[in-house]
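**Student:** okay, here's the prediction I keep looking at, along with the sequence it came from:
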Amino acid sequence: MTTRVPRRRTETRRRLLDAALEVFAEEGFGRSTVEQVCERAGYTRGAFYSNFASLDELFLAMWEQRSATMIDGLRAAFDEAGAGEVTDVRSAVELLLPAIPVDDAWYRVSAEFTAHALRNPGLRRRMTAREDSIAEALMPFLEGLLTRIGRTVPDRAALGQALIAVHDGTTVQCLMEPGDPVVWQRRTELAVHVVTAYSAESRGA
């Protein structure tokens, strides 16, 4: 019994998170209710509140889950990179960038939640801290690749924030014109320019 309860709870949370993404994307975060999420997941309000205190908490858990998945993808791309695969900043960016997803449903949900958080100082602080932690988790992989080509990052925080800005800004453009390869190529080009601008040749390289 002691091993089955945690598994059941994990499954309940997973189904609630999956259902919430669908509901938020379809209805909009501000118009979604706990009842809608529960109905989509097939659970009662009791099951919801035994896992999350509110829809805000559920969103933040969803963001945590997606961030962990992204970091796993970055780690896999980094670990699989061959010795000669990264020869310059462009090749480093082209290796890691595909592991950072551009997702229509998630963008709609996260954009709405960001607007919601801007009206709530407590949520704003939590989102800022979460973005900082995501950028911090990304940096070891990028710095590891840059080290291979004799470059270093003088200001990790500045580069992390700049890359988040690149991702956020180009995501909406890519989603508006998903079939246009030029838009996607510009996303890559901008990332290359930013990484080049915020890194420098290592001394003695």
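**Tutor:** Thanks, I have the structure now.
**Student:** identify each buried residue in the helix or strand harbouring Val166, please.
**Tutor:** Using DSSP states H and E, Val166 maps to helix 156-176. Buried residues in helix 156-176, counted by 16 or more other C-beta atoms under 10 Å: Arg156, Leu159, Gly160, Ala162, Leu163, Ile164, Val166, His167, Thr170, Thr171, Gln173, Cys174. C-beta here means a position set from N, CA and C on the backbone, and glycine is covered the same way.
**Student:** what's the closest of the residues you listed to Leu95?
**Tutor:** Set against Leu95, the nearest of these by C-beta to C-beta is Leu163 (14.2 Å).
**Student:** hmm, the closest one is touching Leu138, no?
**Tutor:** Yes: at 6.9 Å, Leu163 counts as touching Leu138 under the criterion of C-beta atoms under 8 Å.
**Student:** tell me which residue lies nearest the centroid of the chain.
**Tutor:** The structure's the chain has its C-alpha centroid closest to Ser67; by C-alpha atoms, centre = their mean the separation is 4.6 Å.
**Student:** tell me which residues of stretch 148-155 come out buried.
**Tutor:** Ile149, Arg151, Val153.
**Student:** actually stretch 136-149, sorry about that
**Tutor:** Ala137, Leu138, Met139, Phe141, Leu142, Glu143, Leu145, Leu146, Ile149.
**Student:** for Glu201, what are phi and psi?
**Tutor:** Main-chain torsions, Glu201, degrees, to the nearest 10: phi -70, psi 140.
**Student:** settle this for me: it is touching Val153, isn't it.
**Tutor:** No: checked against C-beta under 8 Å, the pair Glu201 and Val153 is beyond contact range at 11.6 Å.
**Student:** how about the strands in this structure?
**Tutor:** Per DSSP state E, the chain carries strands over the ranges 151-152, 200-201.
**Student:** for Asp18, find the nearest of the ones you listed.
**Tutor:** Using C-beta to C-beta as the measure, strand 151-152 is the one of the strands of the chain that comes nearest Asp18, at 40.0 Å.
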